[in-house]
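Asker: What shape does this take:
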Amino acid sequence: MTLERFVADLLGHHQHRDVHHEENDQLAPLLDGCREFFIEARNDYFLIVAVEESEFDVEKEVDLKYLSNLAGFYNARYLYELVKFESIRFPVGTFAKFFKPVTFGHKDYAVFAIQLPRPILPKDYQMNGHDLPHFLQYSKNRKLELTLNQAFNIAEKLCTLHEACLPEKRKKEAREIIEENYQLISELTSERLQTKVNDYLEIILEKNGQFFKNTDKTFERFSALFKTFKELQEIYPESNLPLVLCHGNLTAQNLVFGTKDEVIFIDHWENIHFGSVVEDLSYLIITSLSPHLRRNNYMKIFRRYYYTLIDTRSIKFKLHEIKDFYLRFLKYAVFYSLPTLTAILESQKYSDEEKFRAVTRWEATVDDAFDVETGDYLSDNEDLLTAQNSENRSVTEAVLRTRH
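Answerer: Next up is the predicted model:
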């Protein structure tokens, strides 16, 4: 028996011949201890999130990666429960069950299940010339690059989540737990960048240099930006924008769209935290739109977000603050996206064309971030009006407070 079928039993589906499962193998290269898979059983569809969890002594040092996986798991669980119990109309499915401990193969796991709507694509839907069964549509119907209409749709959907966060009214204890858990993940992210940056560059620039316009120029500009900070969080833009719940790694590959460019599912919420109101949308625009679409339309997307939000909330920030954050966020995105870009280039499931386009998006981001940093960023015709073109904390305590 596999863990997938064991969990299907827990959900009440005991006829294993009726159970299909598929790993959710979208790229989440940092918290690889948080495992996700989809289950279909008699026309019920679930996303299962599982993490290995054993008892540990809070007085002893515990591996940061292990703690980060737990922190990501419980932060994601918080988001799914929040959406369900506060009746937020947001496309993340419906929180169904939480199981703990789940003992399987001499290991203990914590597991939660998200019930998904029945896939809306037709039964004869094809991908690459082959029929795509319903139970595979959530795991396989993913892209690395968005259309402009899809970006507009995400902007509107994010407003739905952010409306529930504004004004900033989250319970203090819940917010502290989310932030303390995320701090673990942030530390792991920064540590990984410092220790593996040369490995990333070897894979990206040397082994895949054929996808670049100019590897020498990109390396020179990347190095100049890298020398300006020691910890990744140092270059997260400071602003007066309100804080909301952020996905933390919102890229096209974490989105499933229906037949009319409407997002029907967003997953991988392990990096959830309180960040700038336009962090997620900025990161999505930077990583998931072609350079031409991004440079000529980013303020159109922000305006769609801004005026959708202003219809339901009294907000005090202005469009120029959004643009300022976005331009300074380019630098952060260059480095934060390195593990994902590396994973794309090393993956066998993406074509050379997809890898070329991924590199093109990142290379253009390096160029723009460098120009912003040096004051040479030229007008992009994105007009604001028309848009035409803690040392004393216990790192284990935060995780422990969520494990119930």
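Asker: CA atoms for contacts and neighbours, from now on please.
Answerer: Will do.
Asker: tell me which element the most centrally placed residue in the chain falls in.
Answerer: Per CA atoms, centre = their mean, the C-alpha nearest to the average position across the chain is that of Asn249, at 2.5 Å. Assignment of secondary structure by DSSP states H and E places Asn249 within no helix or strand.
Asker: Domain map for the protein?
Answerer: As assigned by automatic domain parsing, the chain contains the domains 3-142, 148-374.
Asker: Now tell me which of those the model trusts least on average.
Answerer: Of all these, mean pLDDT reaches its minimum on domain 3-142 (a mean of 82).
Asker: Now do it: distance from first to last residue.
Answerer: With CA to CA, to the nearest Å applied, domain 3-142 spans 25 Å between its terminal residues.
Asker: same deal with stretch 76-96?
Answerer: With CA to CA applied, stretch 76-96 spans 14 Å between its terminal residues.
Asker: go on, stretch 165-178?
Answerer: Stretch 165-178: ends 14 Å apart by CA to CA.
Asker: Make 39 the starting number, not 1.
Answerer: I'll keep to 39 as the first residue from here, and by that count the last item is stretch 203-216.
Asker: and it, how far from the chain's centre?
Answerer: 20 Å (CA atoms, centre = their mean, to the nearest Å).
Asker: One more: stretch 294-310?
Answerer: Relative to the mean C-alpha coordinate of its chain, stretch 294-310 is positioned 10 Å out (CA atoms, centre = their mean).
Asker: buried sites along that stretch?
Answerer: For stretch 294-310, burial by neighbour count (16 or more other CA atoms under 10 Å) applies to 294-295, 299-310.
Asker: so what's Gly71 closest to, chain neighbours aside?
Answerer: The shortest distance from Gly71 to any non-neighbouring residue, by CA to CA, 6 or more residues apart in numbering, is to Asn107 (5.6 Å).
Asker: which ones are touching Glu201?
Answerer: Residues near Glu201 by CA atoms under 8 Å, 6 or more residues apart in numbering: 347, 350-351.
Asker: Select the longest helix from the protein.
Answerer: helix 210-239 (DSSP state H).
Asker: Could you point out the helix or strand that follows it?
Answerer: Downstream of helix 210-239 (by DSSP H and E), the next one is helix 253-264.
Asker: relative to helix 210-239, how tilted is that following helix?
Answerer: 140 degrees (axes from the mean of the first three to the mean of the last three CA atoms, to 10 degrees).
Asker: In helix 253-264, which of the residues would be classed as buried?
Answerer: So, applying 16+ other CA under 10 Å, buried residues of helix 253-264: 253, 256, 259-260, 263-264.
Asker: Please export the C-alpha coordinates of that helix as CSV.
Answerer: Taking Å, rounded to 0.1, in the frame of the first residue of the first chain, the C-alpha atoms of helix 253-264 are listed here in CSV:
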residue,chain,number,x,y,z
THR,A,253,25.6,35.6,-20.7
ASP,A,254,28.6,37.9,-19.9
LYS,A,255,26.4,41.0,-19.6
THR,A,256,23.8,39.1,-17.5
PHE,A,257,26.5,37.7,-15.1
GLU,A,258,28.1,41.1,-14.8
ARG,A,259,24.8,42.8,-13.9
PHE,A,260,23.8,39.9,-11.6
SER,A,261,27.1,40.1,-9.7
ALA,A,262,26.7,43.9,-9.2
LEU,A,263,23.3,43.4,-7.7
PHE,A,264,24.4,40.5,-5.6
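Asker: in the stretch 339-442 of the chain, which spans are helices?
Answerer: Remark: helices assigned in the stretch 339-442 of the chain by DSSP state H, counting those that start in this stretch are 357-374, 376-384, 390-412, 433-438.
Asker: What residues sit buried inside the first one?
Answerer: It stands for helix 357-374. Residues 360-361, 363-374 are the ones in helix 357-374 that count as buried (16+ other CA under 10 Å).
Asker: what's the spacing between it and its chain's center?
Answerer: Mean C-alpha position of helix 357-374 versus that of the full chain (CA atoms, centre = their mean) differs by 17 Å.
Asker: list the helices and strands it packs on?
Answerer: When contacts are defined as 3 or more CA pairs under 8 Å, 6 or more residues apart in numbering; DSSP states H and E, helix 357-374 packs onto helix 317-326, helix 329-348, helix 390-412.
Asker: Can you tell me how far His358 is from Ser328?
Answerer: Separation of His358 from Ser328 (CA to CA) stands at 23 Å.
Asker: Equivalent analysis for Pro275, please.
Answerer: From Pro275 to Ser328 the distance is 23 Å (CA to CA).
Asker: What of Met337?
Answerer: As judged by CA to CA, Met337 and Ser328 stand 15 Å apart.
Asker: Just want to know which of those two has more residues nearby.
Answerer: Met337 (27 against 20; other CA atoms under 10 Å).
Asker: My guess is that one contacts Lys361. True?
Answerer: Yes - counting by CA atoms under 8 Å, Met337 does reach Lys361; the two are 7.3 Å apart.
Asker: neighbours of Gln53, just the number please.
Answerer: Look at Gln53: counted by other CA under 10 Å, it has 12 neighbours.
Asker: Quick check: the gap between it and Arg43.
Answerer: Gln53 is 10 Å from Arg43, by CA to CA.
Asker: Repeat that for Thr185.
Answerer: Distance, Thr185 to Arg43, using CA to CA: 37 Å.
Asker: And Pro275, by the same measure?
Answerer: Computed as CA to CA, the Pro275 to Arg43 distance reads 45 Å.
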